[in-house]
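Student: Just a sequence and a predicted model for now, questions to come.
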Amino acid sequence: MPKSLPKCIEELDWQALQATLDEQGYAVLPKLLLSEECTDMMNSYSDEERFRSTIHMERYRFGRGEYKYYQAPLPELLQQLREGFYPELALTANRWLTQLGHEERYPVSLDEYLEMCHEQGQERSTPLILKYEEGGYNCLHQDLYGDEFFPLQVVFVLNKKEIDFTGGEFLLMEQRPRAQSRGHVITLEQGAGLIFPTSHRPVEGMRGYYRTTLRHGVSTITSGTRYSLGIIFHDAK
Ligand SMILES: O=C(O)CCC(=O)C(=O)O
Ligand SMILES: [Fe+2]
């Protein structure tokens with residue numbers, strides 16, 4: 001019997017992940033989703049009743065491809081991912097606030113955090129599934145849906161690079177104050193995830209911490225179809 005997803009998340013080497021997040025701002029996770037779970041998620045892409053809205057990216061000049069926001073209550077797997085990652089990432093988020101000279105403000109559980117979002121009128125669920133065909137891409141962006149946002153998010157790639165698609169690398173661009181930007185290209189195996197900053201992160205400098213600005217996107221899919229699953233913790237207006 002394979003271990004449950006919440007157990008797998010709990011048993012990740014969080015000490016090492018926290019250190020990696022502090023050092024480079026993002027952390028690649030091992031394969032957490034079974035291939036069958038990835039296939040099920042991709043197969044349910046056409047179940048319209050699961051989703052609250054579909055976005056055609058070209059229409060908004062967001063890129064080329066489409067994505068769908070899940071309707072609450074979320075499918076169990078997504079709920080487990082969102083709930084399972086939140087507590088450790090709230091520790092990261094609070095530590096980052098402290099490093100930048102702010103008060104800690106993220107509660108210990110996802111439920112409490114979502115209550116904060118809802119009180120500010122952000123009530124619509126944000127976890128999403130994305131689909132890009134050959135020629136598809138996702139422009140560099142930030143997933144902000146109101147004043148309240150959680151500073152980290154997680155993404156999983158659902159199909160196999162080099163088999164189901166080529167190209168389609170995850171891109172992370174870090175803009176440093178008064179300096180040139182730095183880019184990261186991150187390749188994810190099927191079912192593996194990536195934790196990355198939503199908009200900013202602290203970087204240790206000569207005189208304490210300073211703040212960089214991050215944007216993420218996806219490079220052009222050169223063949224095949226790429227699906228991904230985005231776990232955003234704040235809800236939307
Ligand atoms: O398709 C991807 O890997 C990126 C998706 C994305 O923009 C997100 O998860 O916020
Ligand atoms: Fe995004």
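Tutor: Looks like it came in fine. Numbers count the residues shown, from 1 in each chain. Ligands and ions are numbered 1, 2, ... in the order given.
Student: Give the pairing partners of the top strand by length along the chain; include direction for each.
Tutor: In terms of residue count, the longest strand belonging to the chain (DSSP state E) is strand 208-218. Its sheet considered, strand 208-218 pairs with strand 137-141 (antiparallel), strand 170-175 (antiparallel), strand 200-205 (antiparallel) by DSSP bridges.
Student: Pull the contacting residues for Phe196.
Tutor: Taking C-beta atoms under 8 Å, 6 or more residues apart in numbering, we find Phe196 in contact with Gly25, Tyr26, Leu152, Gln153, Val154, Val155, Leu172, Leu214, His216. (C-beta placed from N, C-alpha, C; glycine too.)
Student: Leu140: which of the residues you listed is nearest?
Tutor: Leu140 lies nearest to His216 out of those, by C-beta to C-beta, at 6.6 Å.
Student: which one of the contacts of Phe196 is nearest ligand 1?
Tutor: Val155 (3.9 Å; C-beta to the nearest ligand atom).
Student: I'd like the contacts of Phe196 laid out as JSON lines, including pLDDT.
Tutor: Below are the contacts of Phe196 laid out as JSON lines (pLDDT from 0 to 100):
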{"residue": "Gly25", "pLDDT": "98"}
{"residue": "Tyr26", "pLDDT": "98"}
{"residue": "Leu152", "pLDDT": "98"}
{"residue": "Gln153", "pLDDT": "98"}
{"residue": "Val154", "pLDDT": "98"}
{"residue": "Val155", "pLDDT": "98"}
{"residue": "Leu172", "pLDDT": "98"}
{"residue": "Leu214", "pLDDT": "98"}
{"residue": "His216", "pLDDT": "98"}
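Student: about what we covered before: hmm, who's touching the longest strand of the chain?
Tutor: 25, 63, 99-101, 132, 136-142, 168-177, 196-203, 226, 228.
Student: returning to what we had before: Ala90: which of the strands paired with strand 208-218 is closest?
Tutor: Across these, closest to Ala90 is strand 200-205 (C-beta to C-beta), at 15.1 Å.
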